[in-house]
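In: when you get a sec, could you give me coordinates for this:
(2 chains)
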2 protein chains.
Amino acid sequence: MSRATSRRRERPQRIPGALQQRPWKQFTLPYRPIEVLSADQVEAIHDTGLTILEEIGMRVLEPRARALFGAAGASVDEGELQVRFDRAMITDLVAKAPAEFSLRARNPAKNVRVGNRNAIFSSVGGPAYVSDLERGRRAGTYAEMCDYLKLIQMLDILHQEGGGPFEPLDLPAETRHLDLYYAEITLLDKNWQPQGLGTDRAIDALEMAAISLGTTREGLIDDPVFTCVINTNSPLQLDIPMAEGLMTFAEHGQCVIVTPFTLAGAMSPVTLAGALAQQHAEALAGIALTQIVRPGAPAMYGGFTSNVDMKSGAPAFGTPEYAQAAQASGQLARLIGMPFRSSNVTAANDVDAQAAYESMMALWGSIMGGANLVLHAAGWLGGGLTASFEKLILDADLLQMMAAYCEPFQVTPETLALDAVREVGPAGHYFGTAHTLARYETAFYQPLISNWDNHDTWIERGRETAPVKANRIWKQMLKDYEQPPIDAGVDEALRDYMERRKRGDSIKA
Amino acid sequence: MSRATSRRRERPQRIPGALQQRPWKQFTLPYRPIEVLSADQVEAIHDTGLTILEEIGMRVLEPRARALFGAAGASVDEGELQVRFDRAMITDLVAKAPAEFSLRARNPAKNVRVGNRNAIFSSVGGPAYVSDLERGRRAGTYAEMCDYLKLIQMLDILHQEGGGPFEPLDLPAETRHLDLYYAEITLLDKNWQPQGLGTDRAIDALEMAAISLGTTREGLIDDPVFTCVINTNSPLQLDIPMAEGLMTFAEHGQCVIVTPFTLAGAMSPVTLAGALAQQHAEALAGIALTQIVRPGAPAMYGGFTSNVDMKSGAPAFGTPEYAQAAQASGQLARLIGMPFRSSNVTAANDVDAQAAYESMMALWGSIMGGANLVLHAAGWLGGGLTASFEKLILDADLLQMMAAYCEPFQVTPETLALDAVREVGPAGHYFGTAHTLARYETAFYQPLISNWDNHDTWIERGRETAPVKANRIWKQMLKDYEQPPIDAGVDEALRDYMERRKRGDSIKA
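Out: Modelled structure (predicted):
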């Protein structure tokens, strides 16, 4: 290996800022998803989910949603606010949702495809806090949120922004979502997620997306731009803001991701089969509502089942049960022909070994479970309460590794390399062969974070740890960030909309 | 969750030393292995491997091995020491090896089964150095090696000791293996691996194992105790000590794990398909030799293909290419009906995020590749040059997670929990239900390392990191270690054998 070693010494140190990443690319799973359930078991969970909807039903707090369910044939108990569903009604409605669809981005080159073997990776959405290596966990500001969004834009392995990485607590709560949307539209040119709580936030998202794409809310209907997470309040309840968001997005033909919050042992049975049956019931009810509102609207089956630590009640993520539940959820989603959403999650509070192995467990669970959208794919820390700058970079590396692992295997006369084997023969080496020289620059995955130095070199170079390297990378990236161009008129229209709404102008519902 | 929280506060802190682990259990893969290759691609690699053996062949340095190959029909070039093989000869010989077999342990309750869906996890074998949190990497002593072996004995997720965790450099090189074998036999009661270099070390292992089991070398033949790794010197060479070890163990009906050392871009082609074709050729030749020596002797197909960093020549482990190669190797092994050996590997020098994610990548690659023996499953660090005390504990946690993930899914009326869902209804919680109370203690995987505290509690309790916790665990384990009983006569016979050999008595070959 002496030739390669001397080559390394002559080479200048890699410039840390020149982010060497895999190019932007739609992710497609080339392997058969892992099946943790037998066909009979999938059927039994599906059937139990339908029984739950038939016998117990969902408590639906929003009156219009109850009325819509009732008009579509469900039995509504207005005293208990409970809605019960005939099995056939549910399966007929769910069958109307498409198995695959596209999502627009401001940059058409970044439009993405969701469903069947096509998947997208989305950045963390929804944490309350931000953290980085120097300052630890804290409430975040709008400026910091913009920095975080810039990194999401730059990381090509992220196909979608995930709905706001953390709350900008220096802005007023009532209008904060407008600033978020403006930042999502102007700092990125990729697809982004809106916030799903309540009608107003949903309409604002639709209006601003329409402006950014030079169209109207109606123009978005048959060419969707949004996936929006709607959580049921497990067990078996749908609250008012979530129902409003669901109905508004479905009315506009946007994709609602119905995701029950089924932590086994707390909000669902302590057994995974039971937790999944309940998840299935809640997801089916939500998806059915999207199809009542607009038959054929895109929707997704969200699987978030994990477990709690029964000793403390603390949620646990990236566990063996999480991976099983993710893959089982994929099977349930495929049974009913729905695209499947999963996540990259960890309970770790630091970007350490635990964060890495829990995230890997979650990613293998999700991706090999056939997830069509991996939410929180980069940046999530501390059970989802925190968006970490360093975890964002680490996760981008893990996602790139998974994408490299999912590059279809090339078996051709050239890659079988019989001529090179003939040339080298026994006891030689391949460093200098023509076959190697023609391929060595692109042959293998080049990591963002991993340090492959031998022990002495590693010591000599200061034993840089993964979080320190990630910190160095994101800071340099912010220096290198270039804002994607936007038409001045569009920008002005967005600002104008935002200002009018902040002044108190009402929306056109 | 208030009830659970108050329950936690009343509970005493868990005693750190009382190792709460999964019970000893044979590992069986319940899922279909991942197939990264199509059937045609598997066939093409297999075929290219056979072509390599036919056209180029192996350089075999050991004269008796060449003679055996020649007598079995291979074409031997005594000038170039090269042996070329007819395709049919190879496939006929390999077909004689069993698809599944058992391995004896000193404690019969720890006998294990290898092959088809049955797999075993083995501790790290072969590093030069030892490391721990306080003292870093260093040359190891016999006393430290015994400590490491005690931990391997105590960790029930390890089914087998992997051949000596590191070199005890305070002992003379010529007889060090005797002390290792004595420690492996007396400090453990589970199956252990011998060293494969040369006839003498092999015979010593067989003699001492026979003494420990109250039998003779001949008595081991049809009831094997050993799996021994034999590396080919890639590309396409088998050296004298390795050939001697291979032949000696095969003669005694012990399992030889033929493992080519095919790092793509260095000792094999830079393309994975080419590296695997060469791996396949070398593995087939080695396995064929075991079957010439003793038809029907157990053997294994070893897959170790990884890549080097083409910028520095440094070996990379736990990469996307590693996972692909492991799963492809599993397919190649299954094609020829052989049990498959893979590994848990990382290039990281510290027990950090990188060590965790590279190990997870390797474990998912290996286990979901259908590995029947995962060598270096716990303890490997720094590209295999180091056995780490803390990595041993961390890996035990990862292995337990994988074992928990591979617990077959239970879907029954009880686990579907329809009655519990009925009882709780919408908007309730499951903490206090009879269904939960009957199951909460064993419902979910209990980790060794993971910290699921929320952020404030984690800060309050001192932000303990994974390596610090692992350090605390292994030190307490050493205090708790109890040596498994051994018959005094057997112990004396072992010591006697070792002393005679150290005095210079020759072995009975």
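
In: below-threshold pLDDT in chain A: ranges please.
Out: Scanning chain A for pLDDT under 70 picks out A:1-18, A:509.

In: isn't A:A202 up against A:G196?
Out: Yes: the pair A:A202 and A:G196 passes the contact test of C-beta atoms under 8 Å, sitting 6.7 Å apart. For glycine as for every other residue, the C-beta is placed from the backbone atoms N, C-alpha and C.

In: show me the beta-bridge partners of the spatially most central residue of chain A.
Out: By C-alpha atoms, centre = their mean, chain A has its centre lying nearest to A:L375, at 1.6 Å. On the basis of DSSP bridges, A:L375 is bridged to A:S343.

In: okay, how far is it across stretch A:359-379, tip to tip?
Out: In stretch A:359-379, first residue to last residue: 10 Å (C-alpha to C-alpha, to the nearest Å).

In: centre of the chain to that stretch, how far?
Out: Taking C-alpha atoms, centre = their mean, to the nearest Å, one finds the center of stretch A:359-379 at 8 Å from the center of the full chain.

In: mind listing what's buried in that stretch?
Out: Under the neighbour-count criterion of 16 or more other C-beta atoms under 10 Å in any protein chain shown, stretch A:359-379 has A:359-379 buried.

In: on that earlier part again, the residue nearest to the centre of chain A: what's it in contact with?
Out: A:122, A:125, A:162, A:229, A:257, A:341-343 (C-beta atoms under 8 Å, 6 or more residues apart in numbering or on different chains).

In: equivalent analysis for A:E390, please.
Out: A:132-133, A:351, A:466-467, A:470-471, A:474.

In: of those, closest to chain B?
Out: Of all the contacts of A:E390, chain B sits closest to A:A466, with 4.0 Å by C-beta to the nearest C-beta.

In: surely the closest one and B:D352 touch.
Out: Yes: counting by C-beta under 8 Å, A:A466 does reach B:D352; the two are 5.6 Å apart.

In: which residues does the closest residue to chain B within the stretch 51-200 of chain A bridge with?
Out: Closest to chain B within the stretch 51-200 of chain A is A:R59: 3.7 Å, counting by C-beta to the nearest C-beta. Beta-bridge pairing for A:R59 (DSSP bridges): A:Q82, A:Q237.

In: burial of it, as a residue count?
Out: Using other C-beta atoms under 10 Å in any protein chain shown as the criterion, A:R59 is surrounded by 21 other residues.

In: likewise the one 4 residues further on?
Out: By the criterion of other C-beta under 10 Å, A:P63 has 12 neighbours.

In: cool, and A:A128?
Out: A:A128: 15 neighbours (other C-beta under 10 Å).

In: show me the contacts for it.
Out: The contact partners of A:A128, taken as C-beta under 8 Å, 6+ apart, are A:139, A:166-167, A:385-386.

In: from A:N107, how far out is it?
Out: Per C-beta to C-beta, to the nearest Å, A:A128 is found 30 Å from A:N107.

In: and for A:G245?
Out: Taking C-beta to C-beta, one finds A:G245 at 26 Å from A:N107.

In: follow-up on the earlier one: which residues does the residue of the stretch 51-200 of chain A closest to chain B contact?
Out: A:R59 touches A:80-83, A:236-238, B:426-427, counting by C-beta under 8 Å, 6+ apart.

In: coming back round to it: just the buried subset of the contacts of A:A128, written out for PyMOL, thanks.
Out: To isolate the buried ones among these in PyMOL, judged by 16+ other C-beta under 10 Å, type:
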select buried, chain A and resi 166+167+385+386
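
In: how far does the longest helix anywhere in chain A sit from its chain's centre?
Out: When chain A is parsed with DSSP state H, its longest helix is helix A:272-293. Mean-position distance between helix A:272-293 and its chain equals 19 Å (C-alpha atoms, centre = their mean).

In: may I have that helix as CSV, with CA atoms only?
Out: Extracted C-alpha coordinates of helix A:272-293, given in CSV (Å, rounded to 0.1, in the frame of the first residue of the first chain):
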residue,chain,number,x,y,z
LEU,A,272,-46.8,-4.7,19.5
ALA,A,273,-49.6,-6.5,17.7
GLY,A,274,-52.1,-4.6,19.7
ALA,A,275,-50.3,-1.3,19.3
LEU,A,276,-50.2,-1.9,15.5
ALA,A,277,-53.9,-2.9,15.4
GLN,A,278,-54.8,0.4,17.1
GLN,A,279,-52.4,2.4,14.8
HIS,A,280,-54.0,0.7,11.9
ALA,A,281,-57.5,1.7,13.0
GLU,A,282,-56.6,5.3,13.6
ALA,A,283,-54.7,5.6,10.3
LEU,A,284,-57.6,4.0,8.4
ALA,A,285,-60.1,6.4,9.9
GLY,A,286,-58.0,9.4,9.0
ILE,A,287,-57.2,8.3,5.5
ALA,A,288,-61.0,7.5,5.0
LEU,A,289,-61.7,11.2,6.0
THR,A,290,-59.3,12.5,3.3
GLN,A,291,-61.1,10.4,0.7
ILE,A,292,-64.6,11.6,1.9
VAL,A,293,-63.3,15.2,1.5
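
In: helices or strands next to the helix or strand following that helix in the packing?
Out: Sequence order places strand A:299-302 as the next helix or strand after helix A:272-293, per DSSP states H and E. Contacts defined by 3 or more C-beta pairs under 8 Å, 6 or more residues apart in numbering or on different chains; DSSP states H and E place strand A:299-302 against strand A:227-232, strand A:255-260, helix A:272-293, helix A:320-335, strand A:340-343.

In: partners of strand A:299-302, with directions?
Out: strand A:255-260 (parallel), strand A:340-343 (parallel).

In: got the contact list for that strand?
Out: Contacts of strand A:299-302 (C-beta under 8 Å, 6+ apart): A:97, A:114, A:227, A:229, A:231, A:250, A:255-260, A:283, A:286-287, A:290-291, A:329, A:332-333, A:336, A:338-341, A:372-373.
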